[in-house]
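> What follows is a predicted protein model with its sequence.
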Amino acid sequence: MACKFCVKSPFRNQRLSLVRAAERSPMKKSGIGYAFKLIGISFLISLLISAAVIFIANDVFAFVSDSGEHVVTIPEDATADDVSAILKEKGLIRFPFIYQLYASMRSWGDDYLAGEFVLSDAMSYDELRYALSPRRGVRSQIKVTIPEGYTTDEIISLFVSLGIGTPEGFADVIENGGNFGYDFVAEIPEDTGRRYRLDGYLFPDTYFVYADSTETEIITKLLANFNVKFDEELREKAAQAGYTIDEIVRLASIVEKEAYYAADMAGIASVFRNRMSSSRYPFLESDATVKYAKVQSGNEEMLTAEDLRSVDSPYNTYLYRGLPPGAICSPGLAALQAAVYPADTGYYYFVSAKDKTTIFSRTYEEHLRAVAGLK
């Protein structure tokens, strides 16, 4: 029932319209959207700042980094600016300005050792500074070159001749030193009758080592180099072909010893890969493996034709099928690459010519003619 005493305001509908209009106003919606945008931008900026802080912190403290090593030369009277530029050039730091700022905060000054140093990607700013600081005392460094094709015994003898370690110390580290943090070491077959557990993995290269290095430090350095050189691409290709890393290392060691020129390595590798894939040629018949077996038995006389059938050793690939139980030397990168990427051939034989090049043959008859032509 209508109230006769109530007065209907002419402005009531107008006020309600304004309120409803305000509720529908795009300004209110845009204000909410703007607030969300601000929150989103603030969050994004926070993420970027956090990422930058983590990135810089990793550069300063080397929480996560590669295990590569670099030879760094610091000139006389080098300043912190000079050193930061050198470290940046070698990839040891990312931010020279941050290094300089950190050095200033730590009051390091410009007191740096001059000379040649081996520095690791895994070193923090403090560790880099310590390695280059006169306050730590000078550790003399030695340049050591391990030729491709050296056996483990020869590598041990090389370091011992330079006053580093003992034969017994190296043998103990090689046999009982654990996996050194590498899967390829953990995957080396056990109880196969190989001479040394790490045969083939002590990578031949030129190294700068401290004169007072321990046997563990030396072996670790050589394995770290193998880990870098035998990269992911080589590992994946080997796996695709059905070979383990250790099988490739053993094959590459034979290629290293059989080839005089690197250009012939892919062809020689193809001969052995072809034989390993064929039931007609179950034996690799590598003279180098017989020579290795003969030397390991204490006989260093020249290899003879009779030795090929008389040296009874699992390393003799004339008498035992497939690959030998261990590598017969430490192969270089070219031999490893050849073992992984052999030439595509139909060859099953080869012989070295007088000029040290390699003559390849598809059949035994071709091979006999090639051998006869060398006489």
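Received the coordinates, thanks.
> Surely Thr317 is in a strand?
No - applying DSSP: H, G, I helix; E, B strand; the rest coil, one finds Thr317 to be coil, outside a strand.
> and the closest residue to it other than its chain neighbours, how many neighbours?
Leaving aside its sequence neighbours, Thr317 sits nearest to Leu284 (CB to CB, 6 or more residues apart in numbering; 4.0 Å). No exception for glycine: its C-beta is placed from N, CA and C like everyone else's. Look at Leu284: counted by other CB atoms under 10 Å, it has 21 neighbours.
> Please save the CA atoms from the host helix or strand of Phe360 in CSV.
Using DSSP states H and E, Phe360 sits within strand 358-361. Output of strand 358-361 as CSV, limited to C-alpha atoms (Å, rounded to 0.1, in the frame of the first residue of the first chain):
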residue,chain,number,x,y,z
THR,A,358,98.8,-47.0,-45.5
ILE,A,359,97.7,-49.3,-48.3
PHE,A,360,94.2,-50.7,-47.9
SER,A,361,92.7,-53.9,-49.4
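> which secondary structure elements does whichever helix or strand comes after it contact?
Next along the chain after strand 358-361, taking DSSP H and E as the criterion, comes helix 364-372. When contacts are defined as 3 or more CB pairs under 8 Å, 6 or more residues apart in numbering; DSSP states H and E, helix 364-372 packs onto strand 349-352, strand 358-361.
> Just say helix, strand or coil for the residue nearest the centre of the chain.
For the chain, the residue nearest the mean C-alpha position is Val228 (1.2 Å; CA atoms, centre = their mean). Secondary structure, three-state DSSP: Val228 is helix.
> quick one on the thing from earlier: in terms of helix, strand or coil, where does the residue nearest to Thr317 fall?
Three-state call for Leu284 (three-state DSSP): coil.
> and if you look at Ile142?
Looking at Ile142 with three-state DSSP, the answer is strand.
> Now do the contacts for Gly181.
Neighbour list for Gly181: empty [criterion: CB atoms under 8 Å, 6 or more residues apart in numbering].
> returning to what we had before: would you reformat the helices and strands packed on helix 364-372 as TSV and include mean pLDDT?
Formatted as TSV, the helices and strands packed on helix 364-372 follow (pLDDT from 0 to 100):
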stretch	mean pLDDT
strand 349-352	96
strand 358-361	97
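> out of the ones you listed, which comes closest to Asp59?
strand 358-361 (49.0 Å; CB to CB).
> chain center to the closest one: distance?
For strand 358-361, the separation from the chain centroid amounts to 33 Å (computed by CA atoms, centre = their mean, to the nearest Å).
> Parallel or antiparallel, which strands does it pair with?
strand 349-352 (antiparallel) (DSSP bridges).
> residues in contact with the strand it pairs with?
258, 260, 267-268, 271, 358-364, 366-367, 370-371, 374.
> Just the buried residues out of the residues you listed, in PyMOL syntax.
Buried subset of these, written as a PyMOL selection, criterion 16 or more other CB atoms under 10 Å:
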select buried, resi 258+267+268+271+358+359+360+361+367+370
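> Tell me which helix or strand comes right after the helix or strand harbouring Leu48.
Leu48 is part of helix 26-61 when elements are defined by DSSP H and E. Using DSSP H and E, the helix or strand that follows helix 26-61 towards the C-terminus is strand 69-74.
> Mind giving me the packing neighbours of that following strand?
helix 80-89, strand 115-120, helix 215-229.
> got the contact list for Thr166?
So Thr166 contacts Val160, Glu215 (CB under 8 Å, 6+ apart).
> Domains in the protein, by residue range?
69-136, 141-229, 242-372 (automatic domain parsing).
> TSV for the ones you listed, including distance to Ala52?
Shown next, in TSV, are the domains of the chain (distance: least, CB to CB, whole Å):
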stretch	distance to Ala52
domain 69-136	10
domain 141-229	29
domain 242-372	38
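> ranking the ones you listed by mean pLDDT, which is last?
Sorting the domains of the chain by mean pLDDT places domain 69-136 lowest, at a mean of 86.
> before we move on, the earlier item: between the domains of the chain, which one is closest to Leu48.
domain 69-136 (16.0 Å).
> on that earlier part again, for the residue nearest to the centre of the chain, give its distance to Ile93.
19 Å (CB to CB, to the nearest Å).
> Could you do Ser104 as well?
15 Å.
> Neighbour count for these two, which is higher?
Ile93 (24 against 11).
> Can you tell me the closest non-neighbouring residue to that one?
Ile93's closest residue in space is Leu87 (CB to CB, 6+ apart), at 4.6 Å.
> Could I get the contacting residues of the residue nearest to Thr317?
Counting by CB under 8 Å, 6+ apart, Leu284 makes contact with Ile254, Phe272, Arg275, Met276, Thr317, Gly322, Leu323.
> 6 Å instead?
Phe272, Arg275, Thr317 (CB atoms under 6 Å, 6 or more residues apart in numbering).
> Equivalent analysis for Tyr99, please.
Ser84, Ile93.
> switch the cut-off to 7 Å
Neighbour list for Tyr99: Ser84, Leu87, Ile93, Tyr125 [criterion: CB atoms under 7 Å, 6 or more residues apart in numbering].
> of the residues you listed, closest to Lys237?
So of the contacts of Tyr99, ranked by how close each gets to Lys237 (CB to CB), first place is Ile93, at 33.2 Å.
> So the closest one lies in a helix, does it not?
No - according to three-state DSSP, Ile93 belongs to no helix; its state is coil.
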